[in-house]
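A.B. asks: Structure for the following, please:
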Amino acid sequence: MQSSVETLSPTRVRLTVEAGFDELKPELDKAYRAIGKQVKIQGFRPGKVPPRILDQRVGRAVVLEEAVNDAIPRLYGEAVESAKVAPLGPPEVEVTELADNEKLTFTAEVDIRPEFVLPAFESLAVTVDDVVVSDADLDEQLTSLRERFASLAPVNRAAAGDDFVTLDLAATINGEEVPGGTAQGLSYQIGSGTLLEGIDDAVTGAKAGEVRTFQTPMVGGDLAGQDADVAVTVRAVNERVLPELDDTWAQDTAGFGDLAELRDDIRKRIDQTKRLQQGVEARDKVLEALLAQIDIPLPEKVVEAELAWRKQSSEDQLTRSGGTLEEFLADEGKTAEQWDTELQEGAELAVKTQLVLDAVADSEQLQINDAELNDQLIRRAQRAGMVPQEFAQRIVESGQLNGLIAEVRRGKALATVMEQAAIKDASGSVVDLEQLRDGLAPPQPDSETDENGRPYHRHDDGTVHYLDEDEHAH
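C.D. replies: The predicted structure is shown next:
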């Protein structure tokens, strides 16, 4: 076999491969065996038909086509190894010459990883926010905890914000009762926004026994978009009573020795959370600093695939939520052009991040061992609400294991960069990264569950596999 490589751009090459027919003998023999098992010819057992007979009955062209299709991946792989290029996707193959019993010539165009020099990691310096647990932070958490143990007490006054009211509802359109638009004894907290649009204004200021009316747009079914007239009867008004913030409550309800011990525990928990947030900030800033020092051309086909995935993912999420792109853009205050620009920039950043972290992993000769992979599988299974064994089995069966290994390896590469970078807080103290040992993964553009909580895994080529389905692709 002879091969040559032509550089089309810093991120794309064309390989030209020429192989004599003696090099195709394994694939030709395999093709004759496979076709011989599929045809029935009198006087010959299946699989024992001589090649010359098959050439007469089914045609030499059929055999050649199957053999060539089988041989090209092998020859392409050998050419890639010989040229020492790093493909970033499937090649575009074109057979340029097929002379029977003489030679096969084909070209393969493919995106490759661009060459670039990594900066010295110790030259990266970032500053993150200090970790400060304020009294306001502590009071907020204490209040939230007390609200979990709050009780409701009836009051003889007009309903106000945050009150819990018991309501009867009856909705009509043009005097006709709305199907499913009647309910009794609903409990609702004013201001929570979990019921109908406009109900907060309607019931605020009403006392038990009062009837208020208001209009609200229907949001589902055949009547979606139409305004309904709603009569709401306030049956009861209750206010939330928080438990006293004292030693007795801390002991009896929260299970601590006294209030001071409870405060100390909450303060430690807030501190831990903020240190994790500080670590995430450090991770993002180190990655940003690393990328800022590297200027590389991006493979067009890879960026196109990433962009297409992002657009399809957005459309799928809008479809599942029952919304439209126009409604989404209006809510976000963006134009279609701005949204397209954001998607394009996000796709380019994601591709650049992968290329750079892969290069870091290669330069540091990083590998992922079984323990590290199992740890990640367990963590991801927990986040997806699945049994680890089932999660791992689906990852393997759907062919996503290599993609997951690559993702974990990139996280390990970023952790390596962070270990050598200078990371200080605003007060000038060196930040301890130990709290991030279990989670130093590069930031992902999309979560591992969609907005409905359905777990998915994403392939390197941009396709998505939902783990609760046999298959799903963008």
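A.B. asks: What strand or helix carries Pro179?
C.D. replies: strand 176-189 (DSSP states H and E).
A.B. asks: how much distance is there from the helix or strand harbouring Gln277 to the middle of the chain?
C.D. replies: Per DSSP H and E, Gln277 falls inside helix 259-292. Put simply, helix 259-292 sits 23 Å off its chain's centre (CA atoms, centre = their mean, to the nearest Å).
A.B. asks: what does the average pLDDT come to for that helix?
C.D. replies: Averaged over helix 259-292, pLDDT sits at 95.
A.B. asks: buried set for it?
C.D. replies: Residues of helix 259-292 classed as buried: 259, 262-263, 266, 270, 274-275, 278-283, 285-287, 289-291 (neighbour count, 16 or more other CB atoms under 10 Å). C-beta coordinates here come from the backbone N, C-alpha and C atoms, glycine included.
A.B. asks: And the next helix or strand past the strand holding Pro179?
C.D. replies: Taking DSSP H and E, what comes next after strand 176-189 is helix 199-203.
A.B. asks: helices or strands up against that next one?
C.D. replies: Using 3 or more CB pairs under 8 Å, 6 or more residues apart in numbering; DSSP states H and E, the elements in contact with helix 199-203 are strand 211-217, strand 227-241.
A.B. asks: can you pull the buried residues of the next helix or strand after the longest one?
C.D. replies: So that's strand 227-241. Sequence-wise, the next helix or strand downstream of strand 227-241 (DSSP H and E) is helix 247-252. By 16+ other CB under 10 Å, the buried positions in helix 247-252 come out as Trp249, Ala250.
A.B. asks: And the helices in the stretch 301-450 of the chain?
C.D. replies: 325-332, 336-363, 370-384, 388-397, 401-420 (DSSP state H, counting those that start in this stretch).
A.B. asks: most tightly surrounded among the helices and strands packed on helix 199-203?
C.D. replies: Mean neighbour count (mean count of other CB atoms under 10 Å) peaks for strand 227-241 among these, with a mean of 18.
A.B. asks: so that strand versus strand 211-217, what angle?
C.D. replies: 120 degrees (axes from the mean of the first three to the mean of the last three CA atoms, to 10 degrees).
A.B. asks: Partner strands of strand 227-241, with direction?
C.D. replies: Its sheet considered, strand 227-241 pairs with strand 151-154 (antiparallel), strand 164-173 (antiparallel), strand 211-217 (antiparallel) by DSSP bridges.
A.B. asks: Select, out of those strands, the one closest to Val430.
C.D. replies: Closest approach to Val430 among the strands paired with strand 227-241 (CB to CB): strand 151-154, 47.9 Å.
A.B. asks: Tell me the buried residues in that closest one?
C.D. replies: Neighbour-count burial for strand 151-154, counted by 16+ other CB under 10 Å, picks out Leu152.
A.B. asks: mind checking how far that strand is from the chain centre?
C.D. replies: So, by CA atoms, centre = their mean, the centroid of strand 151-154 is 43 Å from its chain's centroid.
A.B. asks: Within its local environment, how many residues does Ile199 see?
C.D. replies: Neighbour count for Ile199, taken as other CB atoms under 10 Å: 22.
A.B. asks: Distance check, the nearest residue to Val387 once chain neighbours are set aside against Ser398.
C.D. replies: Spatial nearest neighbour of Val387, chain neighbours left out: Ala381 (6.7 Å); criterion: CB to CB, 6 or more residues apart in numbering. Going from Ala381 to Ser398 by CB to CB, to the nearest Å gives 14 Å.
A.B. asks: so where's the stretch 301-450 of the chain shaky on pLDDT?
C.D. replies: Along the stretch 301-450 of the chain, segments meeting pLDDT under 70 span 435-450.
A.B. asks: Counting neighbours, which bits of stretch 175-191 end up buried?
C.D. replies: Neighbour-count burial for stretch 175-191 flags Val178, Gly181, Tyr188, Gln189, Ile190 (criterion: 16+ other CB under 10 Å).
A.B. asks: got CSV for those residues, with pLDDT and distance to Asp130 too?
C.D. replies: Formatted as CSV, the buried residues of stretch 175-191 follow (pLDDT from 0 to 100; distance: CB to CB, whole Å):
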residue, pLDDT, distance to Asp130
Val178, 89, 55
Gly181, 87, 53
Tyr188, 95, 41
Gln189, 95, 36
Ile190, 95, 38
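A.B. asks: Closest one of those to Gln354?
C.D. replies: Gln189 (45.4 Å).
A.B. asks: Is that closest one bridged to anything, and to what?
C.D. replies: Phe164.
A.B. asks: what's the distance between it and Ala170?
C.D. replies: Distance from Gln189 to Ala170, by CB to CB: 21 Å.
A.B. asks: of all the strands paired with strand 227-241, which lies closest to Lys311?
C.D. replies: strand 211-217 (29.4 Å).
A.B. asks: Show the average pLDDT along that closest one.
C.D. replies: 94.
A.B. asks: Adding mean neighbour count, write the helices of the stretch 301-450 of the chain out as CSV.
C.D. replies: Putting the helices of the stretch 301-450 of the chain into CSV (neighbours: other CB atoms under 10 Å) gives the following:
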stretch, mean neighbour count
helix 325-332, 12
helix 336-363, 17
helix 370-384, 15
helix 388-397, 15
helix 401-420, 18
